[in-house]
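Chemist: sharing a sequence plus its predicted fold:
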Amino acid sequence: MKKHLVALAAVLALLVGSLPASAADKVVNLYIWSEYMPDEVLKDFTAKTGIKVKIATYDSNETLYAKVKMLGGKGYDIVVPSAEYVSRMAGEGLLADIDKGRLPNLANLDETFRNLSYDPDNAHSVPYMWGTTGIAVNTAMVPEGQVTGYADLWNPALAGKLLLPDDMRTTFGMALKVLGYSTNDTDPAHIEQAYLRAKSLYPAVKVFDSDSPKQALLNGEVAVAVLWNGEAYVTNSENDKIIYVYPKEGANRWVDNLCIPKNAANVESAHAFINYLLTPEVAAKISQEMGYATPNKAATALLPAEVRDNPIIYPPADKLEGSEFETDLGAAQRLYDQYWTKLKTGR
Amino acid sequence: MKDRSLFKTLAVTLTVGWLAVFVIVPNLLTLAAGFLTRGEPEFVLPIPTLKNYVRLLDPAFFEIFLDSVRLALCTTLLCLLVGYPFAYILARLSPARRRLGLLLVIIPFWTNSLIRTYALIAILNVNGLLNAALAGLGLISEPVEILYTNTAVFIGFTYTLLPFMILPLYASIEKLDHRLIEAARDLGAGSFQTFFRVSLPLTLPGIIAGSMLVFLPALSMFYVPDILGGAKSLLVGNFIRNQFLVARDWPFGAAASVLLTVIMGLMLYGYWVCQKRVRKAEPA
Amino acid sequence: MKRAVKSAYLGIVTLFLYLPLAVLIIYSFNDAKHVVTWKGFTTRWYAKLAENTVLLDAAVNSLLLAAASATAAAIIGTLAAIALKRYRFKGRAILSASMYVVMMSPDIVMGISLLMLFVLMGLPLGFATLFLSHVTFCLPFVTVTVLARLTGLDANLVEAAMDLGAREYEIFSRIILPLAMPGVLAGWLLSFTLSLDDVIISFFVTGPTFEILPLKIYSMVRLGVKPEVNALCAVMFCVTLAVVFVTHFCLKERK
């Protein structure tokens, strides 16, 4: 019997040993929003540095947060939370400190994106892309001008043709704006009102999708969609009848940031990748392809005119009237969470 | 004489140990977690409470269960109605044809159900094949919106789970002793009578096995509503998934899982009772 | 007349089962980025697929995981079958009951309970947790298959060996195992397939360092219909087809 046991152990050892060795190779594990990173950028990075990029995706900040917590900050080397989640995760000690010494390209960032309120002195994050959340309207299905703001979404004519993202801040932000409040309101009474407003819209929604809202739009399943401007940009380039409208109440603005989880294994590779993304050419390429605005000043100078002047990606000042950045909700986060759960599980 | 063989000890320890650690303990954990409280930032706080189960009875949540059970039952019924005749006809074919037929059923059975669900999108789409076919036949003037509704989820479940119904049914029907049917005919029973009083009761184990193989997955396959369903499809599977991976309310999710397990247990019990009765009724 | 109706019925149901797959395969040759309208024939999606190292890595990972899980499950499952058949021991009820629990548990319940166990144990989610979970859910299927095979075993053979003074291990390795081998192999094959196909349990216990194919497909599928995904699915379907045919004809010969 001993002979067989030894043979068995050898076979198992062989099987386990043939597993791709993770420590030996140079790898960076990226956990990022779906369709938020062009394939070529990854390929170029690997070609230049020899570091492989393994990519996994999520479709909401909540999912990201839950996953990172569950893994105890291990496993992924770079995550891309939105502003308010940076402060939340940093507060819970889930993020590692950024070693600015390893990021010479950090100087390329626009001054307005350094030392933002949610992460003083960029201790834990490096802004990746910023954008707006607005409304995409298929003018072939809905007369142009019928939708000019969030309030128009409650129009019964649009029932069953609506798409909303599976995102708490967007949904509540929209309702708060319609009620005339700030998108970062922490007053419990206002939040409850927003919950009730959002609830009244829910029956009219056909799809909740944060992964790839453009699909439903392009397929004609929905006529109006609340989504991020990059998605609208790609949709518009495929079908120019689908336009992007900045809601008159004021669009939400957000910033997504590159962060390194606390117990990441490949910290050096992570920094190398972040530094690479801060290169002007790379940042410009990403902005062009994804349709989001880059916080990289040097990159903006490299953009072709039709991108720099495209109002979907780089909104002119008048479109941004009334818009606010989504910031940390602090203690009110708990209340928002509760109402969001109620909203999603209720009828 | 007590057998003190090392082999035996090893075999028993390894197997019992593995199952104890990876089956018994997790299930106990789930049961326990259902009675604990949600923590922030920890996942679970060791504070006992019945709140989670009370919440489950809240109409908002309970409706999700009812919807899911309703959908699963409809799926099972449709699979049964479509699958039984199929299995019956198949079992009566010539051996060569029978083998071919079985193969044709086994292939989708082994194909990853994720792929099969995905394959339905292009068909159920507003601009997809189903609408094109219906319009071509002149049955509709405007495209029917099927995708992103509960109907699409229903079609998705039925499509992916039909082979799971056919195979156990076939196994049961094949064992049917045709002499019994002939005897019934000889005694003057009509086709319907023969079917309902002879064939059906004798194939009941197959029916129940197939029903369980369809009903239970229909409750837990969250990727079907995820891919085909829209805003309206909040079902138990997605619900539990959300509690664990998005909402971070593990105790609540655990409580819902326990409820699901109880439903399964009840079905199993029903199956066991039916099996016993059929065994009693079988001719010696 | 009756025969025609019966054949027609079989035909329609079979069509229903295969039509979506056929459409999927046809559209994988569609020269359009966003499908649904046919724009011309092309094989470029397959070419793109062949270059997609991420998917290929995931596929290799899935195969390795399936092979390892199936092997471990075959070993433990066979031992469990033998223990149940031949020995009396204290944990007998636990063994039987656990097997039933695993076979009948909805995948999602297994997934979350294993997740909770691993988080409690502090085990990092990745290959290890996937491996342990896959072995666990494959176990009962091996045991049932081997048990079925063992019940046909001639008890006299074993008795004779015991009379001749053979030790337990010798009885196992020289008599039981060789005779039960077809059952063990069938169990291995079954486990291999179950492991490759699993989505729900893997979804909960997977980690970032070990990507498997079904989950990769799942995240791609959520982004909508894409010809690349169609090509991938078409390839996987063909692999399934091949495996079914091979096992069908192999098992036929053994009988």
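Modeler: Everything's here; your move.
Chemist: can we go C-alpha only for contacts and neighbour counts from here?
Modeler: OK.
Chemist: is stretch C:227-245 up against chain A anywhere?
Modeler: No. Using C-alpha under 8 Å from any C-alpha of the partner chain, stretch C:227-245 never reaches chain A; the gap is at least 13.4 Å.
Chemist: show me which helix runs longest in chain C.
Modeler: Ranked by number of residues, the top helix in chain C under DSSP state H is helix C:53-86.
Chemist: following element in sequence after that one, please.
Modeler: Counting by DSSP states H and E, the next helix or strand C-terminal to helix C:53-86 is helix C:92-104.
Chemist: over to A:Val137: give its phi and psi.
Modeler: phi -130, psi 130 (degrees, to the nearest 10).
Chemist: one more: A:Ile55?
Modeler: Torsion angles, degrees, to the nearest 10, at A:Ile55: phi -120, psi 130.
Chemist: before we move on, what about the one 5 residues further on?
Modeler: Backbone torsions of A:Ser60, given as degrees, to the nearest 10, read phi -160, psi 150.
Chemist: give me the number of residues near it?
Modeler: 21 (other C-alpha atoms under 10 Å in any protein chain shown).
Chemist: which residues touch it?
Modeler: Listed by C-alpha atoms under 8 Å, 6 or more residues apart in numbering or on different chains, the contact set of A:Ser60 reads A:33, A:166-167, A:210.
Chemist: list the helices and strands the longest helix of chain C packs on?
Modeler: Under the contact criterion of 3 or more C-alpha pairs under 8 Å, 6 or more residues apart in numbering or on different chains; DSSP states H and E, helix C:53-86 touches helix A:2-17, helix B:6-19, helix C:92-104, helix C:127-151, helix C:177-197, helix C:213-221.
Chemist: which of those sits closest to C:Val13?
Modeler: Among the helices and strands packed on helix C:53-86, helix C:177-197 comes nearest to C:Val13, with 23.9 Å by C-alpha to C-alpha.
Chemist: how about the closest one as CSV, C-alpha atoms only?
Modeler: Extracted C-alpha coordinates of helix C:177-197, given in CSV (Å, rounded to 0.1, in the frame of the first residue of the first chain):
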residue,chain,number,x,y,z
LEU,C,177,-10.5,-2.1,-7.6
PRO,C,178,-9.9,-3.9,-10.8
LEU,C,179,-13.5,-5.1,-10.9
ALA,C,180,-14.9,-1.7,-10.0
MET,C,181,-12.6,0.1,-12.4
PRO,C,182,-15.3,0.8,-15.1
GLY,C,183,-17.4,2.4,-12.4
VAL,C,184,-14.4,4.5,-11.2
LEU,C,185,-13.6,5.6,-14.7
ALA,C,186,-17.3,6.5,-15.4
GLY,C,187,-17.2,8.4,-12.1
TRP,C,188,-14.0,10.2,-13.1
LEU,C,189,-15.5,11.2,-16.5
LEU,C,190,-18.7,12.4,-14.8
SER,C,191,-16.8,14.5,-12.3
PHE,C,192,-14.6,15.9,-15.1
THR,C,193,-17.6,17.1,-17.0
LEU,C,194,-19.4,18.4,-13.9
SER,C,195,-16.3,20.4,-12.9
LEU,C,196,-15.9,21.9,-16.4
ASP,C,197,-19.5,23.0,-16.5
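Chemist: after that helix, next one along is what?
Modeler: Using DSSP H and E, the first helix or strand after helix C:177-197 is helix C:200-205.
Chemist: which stretches of chain A form helices?
Modeler: Using DSSP H, helices in chain A cover A:2-17, A:39-49, A:61-71, A:83-91, A:168-178, A:188-201, A:213-218, A:229-238, A:267-277, A:280-290, A:297-302, A:305-308, A:333-345.
Chemist: now do the shortest one: which elements does it pack against?
Modeler: Counting contacts by 3+ C-alpha pairs under 8 Å, 6+ apart, helix A:305-308 is packed against no other helix or strand.
Chemist: ok, now which ones touch residue 106?
Modeler: All of this is about chain A. A:Leu106 neighbours (C-alpha under 8 Å, 6+ apart): A:100, A:275, A:278.
Chemist: chain B was what I was after
Modeler: So B:Ile106 contacts B:163, C:244 (C-alpha under 8 Å, 6+ apart).
Chemist: buried stuff in the helix or strand where it lies?
Modeler: Per DSSP H and E: B:Ile106 is located in helix B:95-110. Within helix B:95-110, the residues that qualify as buried are B:101-103, B:105-110, counting by 16 or more other C-alpha atoms under 10 Å in any protein chain shown.
Chemist: and stretch C:236-244, by the same measure?
Modeler: Result for stretch C:236-244 [16+ other C-alpha under 10 Å]: buried residues C:237, C:240-241, C:244.
Chemist: that one and chain B in contact?
Modeler: Yes. Stretch C:236-244 reaches chain B (C-alpha under 8 Å from any C-alpha) through C:237, C:240-241, C:244.
Chemist: need those residues in TSV (columns: pLDDT and secondary structure).
Modeler: Listed next are those as TSV, based on pLDDT from 0 to 100; DSSP: H, G, I helix; E, B strand; the rest coil:
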residue	pLDDT	secondary structure
C:Phe237	89	helix
C:Thr240	84	helix
C:Leu241	87	helix
C:Val244	82	helix
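Chemist: let me know the closest of the residues you listed to C:Thr193.
Modeler: Closest to C:Thr193, out of all of the residues of stretch C:236-244 next to chain B and judged by C-alpha to C-alpha, is C:Thr240, at 9.3 Å.
Chemist: surely the closest one meets B:Phe109?
Modeler: No. Here C:Thr240 does not reach B:Phe109: they are 9.9 Å apart, not a contact under C-alpha atoms under 8 Å.
Chemist: lowest-pLDDT helix or strand in chain A?
Modeler: helix A:2-17 (a mean of 69; mean pLDDT, DSSP states H and E).
Chemist: hmm, back to that, and the buried residues of helix B:95-110, which is closest to B:Leu19?
Modeler: For the buried residues of helix B:95-110, the nearest to B:Leu19 is B:Trp110 (26.7 Å; C-alpha to C-alpha).
Chemist: check contacts around that closest one.
Modeler: Per C-alpha under 8 Å, 6+ apart, neighbours of B:Trp110: C:193, C:240, C:244.
Chemist: for chain A, see how far away it is.
Modeler: Distance, B:Trp110 to chain A, by C-alpha to the nearest C-alpha, to the nearest Å: 25 Å.
Chemist: B:Leu78 too?
Modeler: Taking C-alpha to the nearest C-alpha, one finds B:Leu78 at 26 Å from chain A.
Chemist: go on, B:Ala254?
Modeler: 16 Å.
Chemist: just give the nearest non-adjacent residue to that residue, would you?
Modeler: B:Gly34 (4.9 Å; C-alpha to C-alpha, 6 or more residues apart in numbering or on different chains).
Chemist: tell me, how many residues neighbour the one you found?
Modeler: 27.
Chemist: repeat that for the one 10 residues further on.
Modeler: With neighbours defined by other C-alpha under 10 Å, the count for B:Val44 comes to 17.
Chemist: sorry, back to before: next structured bit after the helix holding B:Ile106?
Modeler: That would be, after helix B:95-110 and using DSSP H and E, helix B:113-124.
Chemist: centre of the chain to that next one, how far?
Modeler: 18 Å (C-alpha atoms, centre = their mean, to the nearest Å).
Chemist: tell me what that helix is packed against?
Modeler: Helix B:113-124 packs on helix B:129-136, helix B:150-174, helix B:223-228, helix C:2-27, helix C:213-221, going by 3+ C-alpha pairs under 8 Å, 6+ apart.
Chemist: worst average pLDDT in the ones you listed?
Modeler: Confidence, taken as mean pLDDT, is least for helix B:129-136 of those (a mean of 83).
Chemist: tell me what angle that one forms with helix B:113-124.
Modeler: Helix B:129-136 runs at 30 degrees relative to helix B:113-124, counting by axes from the mean of the first three to the mean of the last three C-alpha atoms, to 10 degrees.
Chemist: same for helix B:129-136, what does it pack against?
Modeler: Using 3+ C-alpha pairs under 8 Å, 6+ apart: helix B:129-136 touches helix B:113-124.
Chemist: the closest residue to chain A within the stretch 1-150 of chain B and B:Leu66: what is the separation?
Modeler: Across the stretch 1-150 of chain B, the shortest distance to chain A (C-alpha to the nearest C-alpha) belongs to B:Ala60, at 5.1 Å. Per C-alpha to C-alpha, to the nearest Å, B:Ala60 is found 10 Å from B:Leu66.
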